[in-house]
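Engineer: just coords:
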């Protein structure tokens with residue numbers, strides 16, 4: 001199996017502007033299929049959650065969605081429109097103890113304006129992955145400038161910049177697919193890409209293109225993880241006041257309503273007893289409600305665990321209290337702090353012997369993936385909110401290095417959920433997808449239900465993807 005250490009990767013990066021998206025990508029032979037951006041507009045939508053969603057110790061009760069429209073032109077004059085949409089997700093991508101919600105959201109909105117201007121002003125031709133590789137360093141510079149100009153207490157993180165830019169990247173991929181009358185997932189071969197994967201990743205990928213790791217057609221279905229947030233009702237006794245909007249309000253009600261088979265368990269990472277009892281209770285209710293189901297769980301600490309010993313003790317105690325429930329844990333997600341370089345002591349080798357340990361918040365580029373592997377992480381969470389280009393490249397890297405794969409959410413509604421499911425169903429080996437906008441932001445999904453019933457009306461815990469056969473990213477014709 002081909003491999004490269006993070007140290008070797010860094011040495012290669014110093015010698016080449018093509019590695020790690022750190023500099024402008026040298027365009028190879030021009031292709032007539034390349035596109036340039038002719039027009040770009042964006043807007044925001046605001047939604048309130050039907051109930052707060054608590055993760056990482058913070059309850060979230062609202063979302064701002066950014067919607068991006070582009071027009072692109074090929075070298076031979078063909079034009080096409082593209083659309084991208086994504087929640088801004090500032091609580092997740094820009095967590096801060098120093099700045100309130102509105103401050104970080106305002107910074108992201110300001111950055112979105114800069115990203116729109118940078119993208120609109122770039123008039124070179126290329127494949128969407130090449131355009132993103134060229135523009136991302138400029139987006140990061142803009143983020144640094146916004147941080148300074150707004151006098152932010154903490155600078156805008158790279159992850160936050162990627163989330164802010166993701167709808168722009170999605171719109172460009174969408175338009176590119178439509179310009180060539182194909183699904184986006186049929187545009188990642190040598191016929192349309194001038195550069196092979198080694199230009200974006202490392203020498204392990206010499207001569208390979210993303211289509212080696214991406215399916216041209218979606219899998220017909222995929223398991224859906226139902227998220228149980230930190231403040232969600234687990235036993236019925238926790239329900240104090242009903243919302244009475246016609247949707248489920250307890251875990252047992254959700255299990256029956258959606259025919260659930262997979263559950264994502266959000267834990268605190270700061271209260272071991274609470275985390276253990278929460279897991280045991282969820283397993284008990286799942287078993288009582290659907291006793292014949294082959295349950296699968298994802299355990300997400302949202303980087304709150306102080307160290308791997310906490311994780312190991314959690315697993316040991318859960319196994320003691322519910323051996324069956326322990327066996328149902330499919331993987332662990334980002335147990336400790338996202339800054340891997342600053343927390344090299346938080347290695348996951350022992351935990352990974354028990355269950356795959358997945359990198360999520362830490363994953364912003366190939367360097368972070370390689371560092372995570374050195375530290376014992378064995379899996380990768382792909383996310384549409386980090387950008388389509390990022391998802392394609394990290395999917396290739398994860399599959400090359402034989403890592404566990406899953407696709408996670410950012411409470412993505414509407415077009416952003418379709419985008420997210422598209423990634424999950426075109427990457428072989430993905431264990432399942434989180435899709436929680438139906439729980440917390442159902443109003444944002446309403447306009448999409450009749451057009452994509454298999455994605456927005458769930459009855460057997462599974463998302464049906466027959467509708468993901470359209471051009472571009474499939475959301476809008």
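Structural biologist: Thanks, I have it. Small disclaimer: the values here were computed from a predicted structure and weren't measured. Numbers count the residues shown, from 1 in each chain.
Engineer: Straight-line length of stretch 462-477, end to end?
Structural biologist: This stretch, stretch 462-477, spans 24 Å end to end (Cα to Cα, to the nearest Å).
Engineer: Could you give the average pLDDT over it?
Structural biologist: Mean pLDDT, stretch 462-477: 95.
Engineer: buried stuff in it?
Structural biologist: By 16 or more other Cβ atoms under 10 Å, the buried positions in stretch 462-477 come out as 462-465, 467-468, 471-476. C-beta coordinates here come from the backbone N, C-alpha and C atoms, glycine included.
Engineer: Give me the distance between it and the centre of its chain.
Structural biologist: Chain-centre distance of stretch 462-477: 18 Å, with Cα atoms, centre = their mean, to the nearest Å.
Engineer: which other residues reach it?
Structural biologist: Residues outside stretch 462-477 that contact it (Cβ atoms under 8 Å, 6 or more residues apart in numbering) are 82-85, 170, 173-178, 181-184, 217-224, 259, 261, 388, 414-415, 418-419, 421-422, 425, 433, 435, 451-455.
Engineer: Now intersect these with the strands, please.
Structural biologist: If you go by DSSP state E, the contacts of stretch 462-477 have 82-85, 221-224, 433 in strands.
Engineer: And the residues you listed, which two are furthest apart?
Structural biologist: Greatest spatial distance in these: 82 and 223, 29.3 Å, computed using Cβ to Cβ.
Engineer: related to what we said a few turns ago, mark which of the contacts of stretch 462-477 are buried, thanks.
Structural biologist: Buried among the contacts of stretch 462-477 by 16+ other Cβ under 10 Å: 82-85, 170, 173-178, 183-184, 218, 222-224, 261, 388, 414-415, 418-419, 421-422, 425, 433, 435, 452, 454-455.
Engineer: which residue ranges form the strands in the stretch 51-200 of the chain?
Structural biologist: 58-74, 79-87 (DSSP state E, counting those that start in this stretch).
Engineer: Just say which of these is most tucked in.
Structural biologist: Mean neighbour count (mean count of other Cβ atoms under 10 Å) peaks for strand 79-87 among the strands of the stretch 51-200 of the chain, with a mean of 24.
Engineer: Among the contacts of stretch 462-477, which ones are in helices?
Structural biologist: Judged by DSSP state H, the contacts of stretch 462-477 include 170, 173-178, 388, 414-415, 418-419, 421-422, 425, 453-455 as members of helices.
Engineer: give the contact list for residue 68.
Structural biologist: Residues near residue 68 by Cβ under 8 Å, 6+ apart: 40-42, 83-85, 116, 167-168, 170-171.
Engineer: Please parse this protein into its domains.
Structural biologist: As recorded under automatic domain parsing, the domains making up the chain are 6-204, 221-464.
Engineer: pLDDT below threshold where in the stretch 1-150 of the chain?
Structural biologist: Scanning the stretch 1-150 of the chain for pLDDT under 70 picks out 1-28.
Engineer: quick one: residue 98 and residue 155 touch, right?
Structural biologist: No - Residue 98 lies out of contact with residue 155 (Cβ atoms under 8 Å); the separation is 11.4 Å.
Engineer: So these two - more neighbours on which side?
Structural biologist: Using other Cβ atoms under 10 Å as the criterion, residue 98 and residue 155 rank with residue 155 on top: 14 against 9.
Engineer: From residue 169, how far out is the more buried one?
Structural biologist: According to Cβ to Cβ, to the nearest Å, residue 155 and residue 169 sit 22 Å apart.
Engineer: Check residue 283 too.
Structural biologist: To residue 169, residue 283 is 39 Å away according to Cβ to Cβ.
Engineer: between these two, who's got more neighbours?
Structural biologist: Set side by side, residue 283 and residue 169 show more neighbours around residue 169, with 29 against 22, by other Cβ under 10 Å.
Engineer: for that one, what are its contacts?
Structural biologist: When contacts are counted by Cβ under 8 Å, 6+ apart, residue 169 touches 84, 128, 132, 387-390.
Engineer: Need the nearest residue in space to it, chain neighbours excluded.
Structural biologist: residue 387 (4.2 Å; Cβ to Cβ, 6 or more residues apart in numbering).
Engineer: Going by neighbour count, list what's buried in stretch 341-351.
Structural biologist: Buried residues in stretch 341-351, counted by 16+ other Cβ under 10 Å: 346-348, 351.
Engineer: residues in contact with the closest residue to residue 348 other than its chain neighbours?
Structural biologist: Nearest non-adjacent residue to residue 348, counting by Cβ to Cβ, 6+ apart: residue 376, 3.5 Å away. Listed by Cβ under 8 Å, 6+ apart, the contact set of residue 376 reads 347-352, 357.
Engineer: cool, and residue 213?
Structural biologist: With Cβ under 8 Å, 6+ apart, residue 213 has these contacts: 395-396, 399-400, 427-428.
Engineer: The residue of the chain most remote from its centre and residue 32, how far apart?
Structural biologist: Taking Cα atoms, centre = their mean, the residue of the chain most remote from its mean C-alpha position is residue 76, at 34.3 Å. Between residue 76 and residue 32 the computed distance is 5 Å (Cβ to Cβ).
Engineer: same question, residue 135
Structural biologist: 22 Å.
Engineer: okay, those two: which has more neighbours?
Structural biologist: Comparing residue 135 with residue 32 by neighbour count (other Cβ under 10 Å), the higher total belongs to residue 135, at 26 against 10.
Engineer: Hmm, that one is touching residue 118, no?
Structural biologist: Yes - here residue 135 reaches residue 118: they are 6.3 Å apart, a contact under Cβ under 8 Å.
Engineer: With that, I have no additional questions.
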